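Chemist: Everything below, folded, please.
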Amino acid sequence: MTGPKNDSRGGRSGSPARPGKGRPAAPTGGKHQPAPPKALPPGRGRKLAQKPPTVLAPTAGCEFLYGRNAVWEALHGRRLLKRLMVAEGIKEDERIRAMLAQATAQGVEIDRVPRLLLDDALRGTNHQGVMLEAGPFVYADLPEIITAPGTVLVLDHLQDPQNFGTLLRTADAVEVAGIVVPADRAVGITPAVVNASSGAVEHLRVAQVANLVQALEDLKAHGRWVLGLAGEKGAVDLFTADLPTPSVLVVGAEGTGLGQRIRTTCDLLVALPMRGKVASLNAATAGSIALYDLLRRSRG
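Modeler: Okay, the predicted model is just below:
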C-alpha cells in the first residue's frame with residue numbers, strides 16, 4: 001500500500017495547510033478588507049464650527065454712544081439711530097424700560113448681549129449696561145446760531161473732553177443760542193464728550209468753523225458784544241462790569257487760555273474775582289459761572 005506523499009509546500013498531500021505557515025489564508029468572504037483609517041486628532045481634517053464674534057464694532061459711518069443719560073438723550077435727539085444694545089441680566093428699572101420703549105417706538109433694533117461684549121467694545125468706560133449704535137453728531141451751520149436768541153458760547157481750542165462736556169451741559173441748562181468751536185486742533189463731539197455732557201449736547205446747536213476769528217466778526221456784525229473770559233491784568237470784574245446782552249462768551253483752552261488773535265477780536269476781557277489762594281479755575285468751572293451770570297443779566 002502506497003503511503004501519503006509530501007507536496008512541494010512541505011505539507012502532506014490531501015491535508016489542509018496549517019495556518020501560520022506558507023501562504024496566509026484568505027480572509028472570510030474571499031475579499032481583502034482594508035484596515036480602518038486612523039482617528040484624526042481633534043481639529044485636524046474637519047471644518048470646525050465658527051465661533052460667535054467676541055468684539056462688537058460699529059458699522060461704517062456709525063459710532064457707539066454709552067451711559068444711560070447719554071443714550072436716553074440721543075434716543076430723543078437728531079441722530080440716525082441704528083441699534084440699542086442692553087447687557088444681559090441688567091436690572092430693568094423704570095429708566096431702562098422707558099429706554100426700550102422709546103427705541104421700539106422709533107423702530108430701533110434692540111439686542112441683548114453679554115456684558116463682557118460691552119466691556120470689550122467700550123474699554124475703560126462706565127457704560128452702565130447700555131450702548132447705542134448711532135450715526136455721527138449733526139453739526140449746525142453758523143447762521144442758525146447767529147439768528148437764535150440767547151448767549152453764544154465760543155470755545156477757543158478746548159482739548160479736554162470732560163471740560164467740553166461740562167460746558168455743554170451748562171450751556172443746555174442756561175439755554176444758549178449755540179456753541180461755536182474750531183474744526184481743527186480742538187476736541188469735537190465724540191462719544192466721550194456726549195457722555196461727559198450727560199447727553200445734553202444732543203439738544204444743542206454746535207457749529208464747527210474753519211476760522212474762529214471770522215466767526216466772531218460775523219457774530220459782532222449781527223449786534224452781539226464779544227466777551228473774552230481771561231484772568232490776566234486788565235480784565236474787568238465780570239460781576240461788576242456793565243455788559244450788554246445777549247453776548248458772546250469766549251472761553252480759552254486749558255493752560256494757554258485765549259489765543260492772541262482771539263483776544264484782540266474781543267470787545268472786552270472779563271475775569272472772575274479770585275479771593276482765595278488758588279490763582280485760577282479750570283475752563284469748565286469758570287465758563288459755567290460766567291454763563292450763569294449772563295443768564296442772570298438777561299432775566300433782570
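Chemist: Break down the stretch 101-250 of the chain into its strands, ranges please.
Modeler: Taking DSSP state E, counting those that start in this stretch, the strands of the stretch 101-250 of the chain run over residues 109-113, 130-134, 152-156, 178-182, 206-209, 225-229, 236-237, 247-252.
Chemist: Rebuild those strands as JSON lines, extending it with mean pLDDT, distance to residue 261 and mean neighbour count.
Modeler: Quick note: C-beta positions are derived from backbone N, CA and C, even for glycine. JSON lines is the format used below for the strands of the stretch 101-250 of the chain (pLDDT from 0 to 100; distance: least, C-beta to C-beta, whole Å; neighbours: other C-beta atoms under 10 Å):
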{"stretch": "strand 109-113", "mean pLDDT": "94", "distance to residue 261": "47", "mean neighbour count": "12"}
{"stretch": "strand 130-134", "mean pLDDT": "97", "distance to residue 261": "36", "mean neighbour count": "25"}
{"stretch": "strand 152-156", "mean pLDDT": "97", "distance to residue 261": "10", "mean neighbour count": "26"}
{"stretch": "strand 178-182", "mean pLDDT": "97", "distance to residue 261": "12", "mean neighbour count": "23"}
{"stretch": "strand 206-209", "mean pLDDT": "97", "distance to residue 261": "14", "mean neighbour count": "20"}
{"stretch": "strand 225-229", "mean pLDDT": "96", "distance to residue 261": "11", "mean neighbour count": "23"}
{"stretch": "strand 236-237", "mean pLDDT": "94", "distance to residue 261": "21", "mean neighbour count": "12"}
{"stretch": "strand 247-252", "mean pLDDT": "96", "distance to residue 261": "11", "mean neighbour count": "25"}
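Chemist: Relative to residue 192, which of those strands is closest?
Modeler: Judged by C-beta to C-beta, the one of the strands of the stretch 101-250 of the chain that comes nearest to residue 192 is strand 130-134, at 13.5 Å.
Chemist: how far off strand 109-113 does the closest one point, in degrees?
Modeler: With axes from the mean of the first three to the mean of the last three C-alpha atoms, to 10 degrees applied, the angle from strand 130-134 to strand 109-113 works out at 140 degrees.
Chemist: what residues does strand 130-134 touch?
Modeler: In this structure, residues lying in contact with strand 130-134 by C-beta atoms under 8 Å, 6 or more residues apart in numbering are 56, 58-59, 62-68, 70-71, 74-75, 79-87, 90, 96, 99, 118, 121-122.
Chemist: okay if I get the strands of the stretch 101-250 of the chain as JSON lines plus distance to residue 169?
Modeler: Below are those laid out as JSON lines (distance: least, C-beta to C-beta, whole Å):
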{"stretch": "strand 109-113", "distance to residue 169": "27"}
{"stretch": "strand 130-134", "distance to residue 169": "19"}
{"stretch": "strand 152-156", "distance to residue 169": "12"}
{"stretch": "strand 178-182", "distance to residue 169": "11"}
{"stretch": "strand 206-209", "distance to residue 169": "13"}
{"stretch": "strand 225-229", "distance to residue 169": "17"}
{"stretch": "strand 236-237", "distance to residue 169": "26"}
{"stretch": "strand 247-252", "distance to residue 169": "14"}
